[in-house]
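> quick one, structure for this:
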Amino acid sequence: MDADKECGLKVDSDYVELAVEVFSMLADATRVRIILALRDGELSVNELAETVAKPQSAVSQHLAKMRMARIVSTRHEGTRVYYRLENEHARQLVADAIFQAEHTLGGTPRHHHKSRAKGDA
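Purely as a prediction, here's the structure:
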């Protein structure tokens, strides 16, 4: 059984266009920062706004788009709404993009130093 073919990793996959939409959704610094803020758990809009240093109204608009794209989901507690990442994939995409960005600076990227310090080859 070829897992790559089953999950859409073929050149002619119908998922390619959807993947481009995901990249488009993540092509915004505020949204990337929101994902980084949510990687350790859920936060309210106010907490997110403070963390990413953006107005609450702007963060709410970004979260609405990310929710429609199923990148984040919500939990209601009284009048408060808490946001969390829908799954681990957005977190991993952002981490990989950050790691790729580190490579553009030349030299050995920081994430490679961390692996070596842990004894990983």
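
> residues touching Pro55, list them.
Residues counted as contacts of Pro55 (CB atoms under 8 Å, 6 or more residues apart in numbering) are Ala49. No exception for glycine: its C-beta is placed from N, CA and C like everyone else's.

> likewise the one 5 residues further on?
With contacts taken as CB under 8 Å, 6+ apart, Ser60 has the following neighbours: Val45.

> element containing it, please.
If you go by DSSP states H and E, Ser60 is part of helix 56-68.

> list the buried residues in that helix.
Val59, Ser60, His62, Leu63, Met66 (16 or more other CB atoms under 10 Å).

> how about the nearest residue to the first one, chain neighbours excluded?
Taking CB to CB, 6 or more residues apart in numbering as the measure, Val59 lies nearest to Ala49, with 4.4 Å between them; neighbours along the chain are not counted.

> and the strand or helix carrying Ile34, what does it pack against?
Using DSSP H and E, Ile34 maps to helix 29-38. Secondary-structure packing of helix 29-38 (3 or more CB pairs under 8 Å, 6 or more residues apart in numbering; DSSP states H and E): helix 15-26, helix 45-52, helix 56-68, strand 80-85, helix 88-103.

> could those go into a markdown table alongside distance to Arg39 and mean pLDDT?
Output for these, formatted as a markdown table (distance: least, CB to CB, whole Å; pLDDT from 0 to 100):
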| stretch | distance to Arg39 | mean pLDDT |
| --- | --- | --- |
| helix 15-26 | 14 | 93 |
| helix 45-52 | 11 | 97 |
| helix 56-68 | 14 | 97 |
| strand 80-85 | 7 | 97 |
| helix 88-103 | 5 | 92 |
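
> run the chain-centre distance for the helix holding Ile34.
Averaging C-alpha positions (CA atoms, centre = their mean, to the nearest Å) puts helix 29-38 7 Å from its chain's average.

> likewise stretch 51-65?
Relative to its chain's centre, stretch 51-65 lies at 15 Å (CA atoms, centre = their mean).

> same deal with stretch 25-38?
That offset, for stretch 25-38, works out to 6 Å (CA atoms, centre = their mean).

> so which bits of it are buried?
With the criterion 16+ other CB under 10 Å, stretch 25-38 contains buried residues Met25, Leu26, Thr30, Arg31, Val32, Arg33, Ile34, Ile35, Ala37, Leu38.
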